[in-house]
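**Student:** Fold the following, please.
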Amino acid sequence: MAGALLNTADAKKKKDKKKAAEVEVVKPLELNSSSDTLSYAAGMMLTDGLIPYLKQTGVDTAYMAKFIEGFETIVKSGDNPEMKAYVAGMEIANRVKDQMLSRMKGDLKDSPDSIVDELAFRGFIDGLKSDTSVYDSKRASEMFKQKFEAAKKAKEEKLYGPNRDAGKAFLAENAKKDSVVTLPSGLQYKVLVEGNGEVPKATDKVLVNYEGRLIDGTVFDASKKHGDKPAEFKPSQVIKGWTEALTMMPVGSKWQLYIPYELAYGERNTGSIKPFSTLIFDVELVGIDNGEKKAEEKKEEAPKPAKKPATPRKRNTPKKK
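**Tutor:** Below you'll find the model as predicted:
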C-alpha cells in the first residue's frame, strides 16, 4: 500500500515537472534605447479601445489567449503568401457570413424565400473554383436577381398590399363628393379658400404652409414643425402631386390635396409613410418669392447715367496787332 502511494506521488511530481518545463519562460523586458521605448509604447497604445471593439465584433474575450496566438502567428509569418491567403480567406468568410448574407436574410424576412447558409457557402466556393457544373457566374447572377426581386415583390404585397388597397378605396369614395375635383393624373383636390393671385411656375420659389396626413388621420409632417415661417421650395423639387397642384393654385389659395401613392412616395418606405400610401395635404400658397427676378427687372429699368457733356474746345483768339 505504501509502495503504491509512493509510486503515485512520484508520477505526480514527474507530471508537474514536465508541465513546468512546457511553460514558456518570459524574459524581463529591457528597453535600451529611445527607439525601444517609443516602439513598446506605440504597441501598447494601439491596444487602447481594442477590447470593447472585439466585444462589439462578437469576439469572446474569455478566449483572449487564442486571439493573441492568432496575432503572433500572423506577426511571425512575415510576408508568407500562403499565410496571407489563409488569413484573407478567414476575413472574407466573416464578411460574407456576418454582413452580406445577414443583409440578404434581413431583406428576405417575411418573404416566401430565404437564404440557406450551407448552400450559399457552397455556391461561393464553386464560384471561386470556376465550377460551372450547376451555373456559370452570369446565370447565377441572373437567377439570384430574378428570385430576389420576386421574393421582394411578394414581401411588399404581403406587408403593404392592404395599404395600397385602402388608399384606392378611399380615393374612389372621395371622388364621389361634389366638392372634390379629380384630375386625369389621379390627383384629387378640394378648394378650401379661393385665391386670386399669381399662379407659380415649376421653377418659381413658393412660400407654403402645409400639414400632411395619412388616410387614417395620422399627421406625419407640417410646416409649423419646422418654424414659424412658411416652407420655401420650388414646385419642381417636391413630389409629383404637389408639383401639379402648386402650378395650378393662385397665390392666396388653400387646397386640400388627396394624392395617390403613384404621385407621392410610391413603393418607398420613408418611416412614418409606408409604401403605397395615399396622402392628404392641407396646402396654403402664401406667396411667390421672385426676389432675384425683381432685382434683375429693377436693374434693367434703372435709368442709365447721363453722358458726360463734351468739353468745349478752346477757341483760337485773334492775336493783337
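
**Student:** So Gly287 belongs to a helix, correct?
**Tutor:** No - according to DSSP: H, G, I helix; E, B strand; the rest coil, the state of Gly287 is strand, so it is not within a helix.

**Student:** List the residues that contact it.
**Tutor:** Gly197, Val206, Leu207, Pro230, Val251 (Cβ atoms under 8 Å, 6 or more residues apart in numbering). All C-beta spots, glycine's among them, are computed from the backbone N, C-alpha and C.

**Student:** Drop anything exposed from these.
**Tutor:** Val206, Leu207, Pro230, Val251 (16 or more other Cβ atoms under 10 Å).

**Student:** ok, the third one touching Lys224?
**Tutor:** I take that to be Pro230. No - counting by Cβ atoms under 8 Å, Pro230 stays clear of Lys224, with 9.7 Å between them.

**Student:** Could you name every residue contacting both of these two?
**Tutor:** Asn209.

**Student:** Assumed Met44 was part of a helix.
**Tutor:** Yes - with the criterion set as three-state DSSP, the secondary structure at Met44 is a helix.

**Student:** how much space between it and Thr37?
**Tutor:** The gap separating Met44 from Thr37 is 11 Å, by Cβ to Cβ, to the nearest Å.

**Student:** Equivalent analysis for Thr132, please.
**Tutor:** Counting by Cβ to Cβ, the gap from Thr132 to Thr37 is 58 Å.

**Student:** Then Val134?
**Tutor:** From Val134 over to Thr37 (counting by Cβ to Cβ), the distance is 59 Å.

**Student:** helix, strand or coil for Asp216?
**Tutor:** From three-state DSSP, the assignment for Asp216 is coil.

**Student:** typo on my end, Lys274
**Tutor:** coil.

**Student:** now do Lys176
**Tutor:** coil.

**Student:** again with Leu192
**Tutor:** Looking at Leu192 with three-state DSSP, the answer is strand.

**Student:** List the residues that contact it.
**Tutor:** Leu192 touches Lys254, Trp255, Gln256, Asp282, counting by Cβ under 8 Å, 6+ apart.

**Student:** The first one is in contact with Val193, isn't it?
**Tutor:** Yes - the pair Lys254 and Val193 qualifies as a contact (Cβ under 8 Å) at a distance of 3.9 Å.

**Student:** more crowded one of these two?
**Tutor:** Neighbours per residue (other Cβ atoms under 10 Å) separate Lys254 from Val193, with Lys254 holding more: 18 against 10.

**Student:** Need the per-residue pLDDT for the more buried one.
**Tutor:** As predicted, Lys254 sits at a pLDDT of 97.

**Student:** same deal with the one 3 residues further on?
**Tutor:** The confidence metric pLDDT takes the value 98 at Leu257.

**Student:** quick one: it is in a strand?
**Tutor:** Yes - remark: Leu257 belongs to a strand, assigned using three-state DSSP.

**Student:** Bridge partners for it, pull those for me.
**Tutor:** The partner list for Leu257 in beta bridges (DSSP bridges) reads Tyr189, Phe281.
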